[in-house]
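Asker: Sequence below, structure please.
(one chain, ligands or ions: 1)
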Amino acid sequence: MSASLRRIKIEILTVCLFIIEFFTNILRFIGLGRRYYKKDNRIDGKIVLITGANSGIGLEATYQLCKRGAKVVMCCRDLEKGRQAANNVRRRFRTADIDVRQLDLSCLSSIRQFGKTLADHYDRVDILINNAGVMMCPKRTTSSDGYELQFATNHLGHFLLTHHVLPLMINSDDGRIINVSSIHHIRGRIFFDDINFTKKPYDPVEAYCQSKLANVLFTRQLAKQISTVKVYSLNPGTINTNLTRYIRGFKRIIFNIIGFLFNLDVYWGVQTTLFCALEPSLKSGKYYSNCKEDNCLFNESLDDDAAQRLWEISCQMVGIKSDKYLP
Ligand SMILES: NC(=O)c1ccc[n+]([C@@H]2O[C@H](COP(=O)([O-])OP(=O)(O)OC[C@H]3O[C@@H](n4cnc5c(N)ncnc54)[C@H](OP(=O)(O)O)[C@@H]3O)[C@@H](O)[C@H]2O)c1
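Answerer: Model (predicted):
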């Protein structure tokens with residue numbers, strides 16, 4: 001398909017998506033079609049590692065999982081913010097079992113260092129929630145390793161983190177990896193010939209959608225390769241959080257007005273994460289939304305070749321031989 005045709009397809013898809021999201025949000029706002037994870041199953045003593053745990057969905061997930069008996073390792077790029085967030089959780093739930101650790105997902109050496117110290121302190125991890133994210137950085141920004149920042153943080157960082165955590169998950173009797181994606185992965189495409197936007201003009205939306213599609217493709221490919229640990233990707237919904245912090249100018253005003261009127265609260269935003277963490281017998285490799293499996297019909301997330309290719313490229317980018325990725 002030519003670039004201009006593809007552009008038109010993306011624009012049409014974007015408009016459709018916004019209209020669908022807008023009306024879905026209105027329905028959910030008035031309580032229709034909103035699903036909650038109502039089961040009260042507990043995970044006492046399980047060790048849960050959450051990235052981006054100091055804010056938004058990650059913070060609420062920390063609280064909800066602590067309440068169900070988990071020990072939560074809050075991974076935060078700013079340790080001070082992480083400690084404050086942990087105190088916030090302890091104020092809501094006094095006996096919360098929390099360990100705050102520093103981790104910058106946009107820096108590969110920080111992730112390697114984190115992996116080493118984690119193995120010194122824990123002999124097992126039961127649930128890894130790859131949740132941290134940045135959205136629509138206005139200018140092309142690169143990570144300390146020279147990769148486009150949204151791809152580096154949202155996908156590559158989690159890809160490498162998962163490699164380091166996996167050996168600890170083999171000892172779990174119900175190991176789960178949860179990759180927090182977005183409905184916007186539908187609009188995404190992996191630009192294999194220019195993942196870092198060095199040749200084509202940088203587009204913040206395309207870069208975000210690429211990174212979120214990568215979350216879904218990574219889930220699909222990892223699930224194919226490992227059966228002892230289950231892997232899920234999910235869309236949390238459209239939720240009021242700090243995610244829009246990079247959006248500037250008129251777009252920000254629009255986002256804020258729509259967000260104020262229709263975005264849902266983090267309590268609802270964490271429900272599908274809870275569903276993937278707690279519900280027995282979910283299918284590995286699948287994408288979940290609104291507390292159920294979601295089969296998107298028209299998108300590139302079902303492309304097995306793309307999933308395989310992304311796997312190979314990601315291994316190269318983080319410096320691991322692809323046959324050495326799994327424990
Ligand atoms: N909110 C929505 O409507 C929505 C919709 C679809 C998908 N999602 C996805 O949900 C996930 C959580 O986002 P949120 O809505 O809860 O947004 P948020 O409140 O902005 O939380 C994002 C978290 O990621 C952390 N983070 C960013 N860059 C990082 C890095 N380099 N290393 C480590 N941590 C980093 C942030 O840390 P700092 O506080 O230090 O910046 C923050 O804790 C994201 O993956 C997002 O794409 C959200």
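
Asker: which regions of the stretch 1-150 of the chain lie under the pLDDT threshold?
Answerer: Applying pLDDT under 70 to the stretch 1-150 of the chain flags residues 1-3, 7, 10, 31.

Asker: show me where it has strands.
Answerer: For the stretch 1-150 of the chain, the strands defined by DSSP state E, counting those that start in this stretch occupy 47-51, 71-76, 97-102, 127-130.

Asker: highest average neighbour count across those strands?
Answerer: Among those, strand 127-130 has the highest mean neighbour count (mean count of other Cβ atoms under 10 Å), at a mean of 28. For every residue, glycine as well, the C-beta is placed using N, CA and C.

Asker: Turn the strands of the stretch 1-150 of the chain into CSV, including distance to Phe255.
Answerer: Below are the strands of the stretch 1-150 of the chain laid out as CSV (distance: least, Cβ to Cβ, whole Å):
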stretch, distance to Phe255
strand 47-51, 24
strand 71-76, 24
strand 97-102, 30
strand 127-130, 24
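
Asker: Not counting its neighbours along the chain, what's nearest Asn154?
Answerer: Nearest residue to Asn154, sequence neighbours excluded (Cβ to Cβ, 6 or more residues apart in numbering): Ser211, at 3.7 Å.

Asker: so how far is Asp173 from the one you found?
Answerer: To Asp173, Ser211 is 32 Å away according to Cβ to Cβ, to the nearest Å.

Asker: what about those two, which has more around it?
Answerer: Ser211 (29 against 8; other Cβ atoms under 10 Å).

Asker: residues from the stretch 101-250 of the chain in reach of the ligand?
Answerer: 103-106, 131-135, 153, 180, 182, 235-236, 238-239, 241-243 (Cβ under 6 Å from any ligand atom).

Asker: Only the buried subset of those, as a PyMOL command please.
Answerer: Only the buried entries of those go into this PyMOL selection, using 16 or more other Cβ atoms under 10 Å:
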select buried, resi 103+104+105+106+131+132+133+134+135+153+180+182+235+236+238+239+241+243
